[in-house]
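Enquirer: Please work out how this folds:
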Amino acid sequence: MHLTLDGQGTLTDQLSRALREAIRSGRAAPGLRLPASRSLAATLGVSRNVVMGAFAQLTAEGYLEARQGSGTRVAPGLAPLAPPHRPSAPVGPSVQDPVRLSALGRRLRASPSSAPPPALAAPATICDFRYGIVPFTGPARQAWSRRLGRRARGAGAAAAAPRQGDRRLRRLIADMLRFSRGLPVAGEAVVITQGVQEAFDLCARLLLGPEQVTVLEDPHYRPVRAIAAAHGAEVIGVPADAAGLDPEHLPAIDAALAYVTPSHQFPLGGVLAAPRRQRLLSWARQHGAWVFEDDYDSHFRYDTPPLESLAAMDRSRVIYAGSFSKTLSPGLRVGYLVVPDALAEPLRRLRALTGSGVPLVTQQALADFIDAGDFGRHLRRLGRDYARRREAILQATADHLGDRVEVVGARGGVHVVLRCHEHAAADAHGVTTRAAAAGVRISSIEALYLQPRPDQPLELLLSYAAPDERAIRAGIAALAGCLRT
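Expert: Down below sits the predicted model:
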């Protein structure tokens, strides 16, 4: 029996690989009796222990059978496999060798890529207005580092997180929701997630399927659309304006789920007023839909008092989700989910299958951070900083752009949208490219609409979470020059 040892690893591992490959390729057919261990060892020039070790390994894997008085044989019933194909360059699946995917996998493969565009070469950045960059510096970062380090050095660092999340953290989040959002929940109703995106995916697994309808605001948060489509749901857009989602355009059909951002519509920033909220909830009850409330940046209000959450108006139909991405850091990946009682048990069982993706040490440190008052102090400091930056962006826009643009969505949150009446949406790439070349990082929201709208006014999203007032003023001045080009 010809066997070649490849020289990689121990002799036992080399012999195991050589025998395994001979069986898989069909050179060692099912039922074939192998040479005795002493004989094979002498042929290969290795010790008998090496051969016996390889035989034992392959017997445990099911490739070999050892029978008293009959020696060691290749296990019957093994079908030879084709040798692995090693093309010189990567190739896609062929008709002869299809990649068998689930329905979910096929939908994901067919969906457009969400990879970011390649970075543009640009000079030193004057101002970075891109959304999602949140500074986590100063006293809050120092306090967080101390509490995380203390927990990491403790015994809990090696423990697994409970499926629903750390009990103490859930209780503290429930307290926070009762106080700031008017949402009367107990800690047992809170589920810790890796952010709002995972929270929506959990609900989509429970509620969505092929040909079921999902209602989204238009424009909208893109990952939500991708998740709904991956589950085979039909996506219907409902226009959003300066007052949020317009219930006049809600479809008169049964829907499984409606995703909304009522406290500060993303990205246009509209605040859903009480009459619209009531009409949305009435529609949900009439058509059997669940409403998913993404309360992503409700901590920051400027011209209006804190708002009651949509879930506080109807706990029986509204799923509530929030996160610490806009208050601490997107990299922290901690969010929370509160579902109506009717969904609590299915969600608990689903969570038992998926597990908690947030490390226990992170959850415990966050509970310490909240309980000690660090989070409250951090929020107050952020609120003051963001109010100054918001004022700077409004003043600089008035000074440099005047009535050439309309500022949308400035009543809360950490971003505004500039509606540029002298430019069409089709100009988005040119404007953002010129801005990047001038040192201003900015993005258009055109990709957040369900349908292209090339003839509508260009809309640019400016986040003021990261830049300070000086950078904001310089960035708006440079952007004004790009818009004049």
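Enquirer: nearest residue to Leu450 other than its sequence neighbours?
Expert: Spatial nearest neighbour of Leu450, excluding adjacent residues (Cβ to Cβ, 6 or more residues apart in numbering): Gly237 at 4.1 Å. (Glycine included, C-beta is placed from N, CA and C.)
Enquirer: Quick check: which element contains that neighbour?
Expert: Using DSSP states H and E, Gly237 sits within strand 234-241.
Enquirer: Which strands or helices does that strand pack on?
Expert: Contact analysis of strand 234-241 by 3 or more Cβ pairs under 8 Å, 6 or more residues apart in numbering; DSSP states H and E lists strand 213-218, helix 222-230 as its packing neighbours.
Enquirer: Please tell me I have it right and Gly31 contacts Thr72.
Expert: No: taking contacts as Cβ atoms under 8 Å, Gly31 lies outside contact range of Thr72: 11.5 Å.
Enquirer: Between those two, tell me which one has more neighbours.
Expert: Of the pair Gly31 and Thr72, Thr72 is the one with more neighbours under other Cβ atoms under 10 Å, namely 21 against 12.
Enquirer: What residues does that one make contact with?
Expert: 33-34, 37, 55, 59, 64-66 (Cβ atoms under 8 Å, 6 or more residues apart in numbering).
Enquirer: Now do the residue positioned nearest the centre of the chain against Thr72, distance only.
Expert: In the chain, the residue lying closest to the centroid (Cα atoms, centre = their mean) is Gln197, at 4.6 Å. Using Cβ to Cβ, to the nearest Å, we find Gln197 at a distance of 53 Å from Thr72.
Enquirer: can you give me the helices in the stretch 51-200 of the chain?
Expert: Ranges of helices in the stretch 51-200 of the chain, per DSSP state H, counting those that start in this stretch, are 103-110, 138-153, 167-181, 196-207.
Enquirer: hmm, back to that, what sits closest to the residue nearest to the centre of the chain if chain neighbours are left out?
Expert: Closest residue to Gln197 apart from its sequence neighbours, by Cβ to Cβ, 6+ apart: Pro223 at 5.0 Å.
Enquirer: Test my guess that the one you found contacts Glu198.
Expert: No: using Cβ under 8 Å, Pro223 is not in contact with Glu198, being 10.0 Å away.
Enquirer: Between those two, tell me which one has more neighbours.
Expert: Glu198 (20 against 14).
Enquirer: how about that one, what does it touch?
Expert: Contacts of Glu198 by Cβ under 8 Å, 6+ apart are 335, 357.
Enquirer: how close does it get to Pro247?
Expert: 28 Å.
Enquirer: can you count the residues close to Ile442?
Expert: When neighbours are counted by other Cβ under 10 Å, Ile442 comes out with 23.
Enquirer: Likewise for Ile472?
Expert: Ile472: 26 neighbours (other Cβ under 10 Å).
Enquirer: what residues does the helix or strand hosting it touch?
Expert: Applying DSSP H and E as the criterion places Ile472 in helix 469-484. Contact partners of helix 469-484, identified using Cβ under 8 Å, 6+ apart, comprise 126-129, 388-389, 392-393, 395-397, 399-401, 404-405, 420, 422-423, 431, 434-435, 438-440, 442, 460, 464, 467.
Enquirer: chain center to stretch 406-422, what's the gap?
Expert: Averaging C-alpha positions (Cα atoms, centre = their mean, to the nearest Å) puts stretch 406-422 25 Å from its chain's average.
Enquirer: go on, stretch 450-459?
Expert: 26 Å.
Enquirer: Dump the C-alpha coordinates for it into CSV.
Expert: Taking C-alpha atoms only, stretch 450-459 is exported to CSV below (Å, rounded to 0.1, in the frame of the first residue of the first chain):
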residue,chain,number,x,y,z
LEU,A,450,-36.7,53.0,-1.6
GLN,A,451,-36.9,54.4,-5.1
PRO,A,452,-34.4,56.7,-7.0
ARG,A,453,-35.5,60.3,-7.1
PRO,A,454,-32.9,62.0,-9.3
ASP,A,455,-35.0,65.2,-9.9
GLN,A,456,-35.7,65.9,-6.2
PRO,A,457,-33.5,68.3,-4.2
LEU,A,458,-30.2,67.0,-3.0
GLU,A,459,-30.3,66.0,0.7
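Enquirer: Tell me which helix or strand in this structure has the weakest average pLDDT.
Expert: Taking mean pLDDT, DSSP states H and E as the measure, the chain has helix 103-110 as its least confident helix or strand, at a mean of 79.
Enquirer: Which positions in that one come out as buried?
Expert: Arg107 (16 or more other Cβ atoms under 10 Å).
Enquirer: In terms of secondary structure, what does that helix contact?
Expert: By 3+ Cβ pairs under 8 Å, 6+ apart, helix 103-110 packs against helix 222-230.
Enquirer: quick one: buried residues of the helix it packs on?
Expert: Quick answer for helix 222-230 (16+ other Cβ under 10 Å): 224-230.
Enquirer: from these, which single one is nearest Ala289?
Expert: The nearest member of these to Ala289, counting by Cβ to Cβ, is Ala228 at 13.0 Å.
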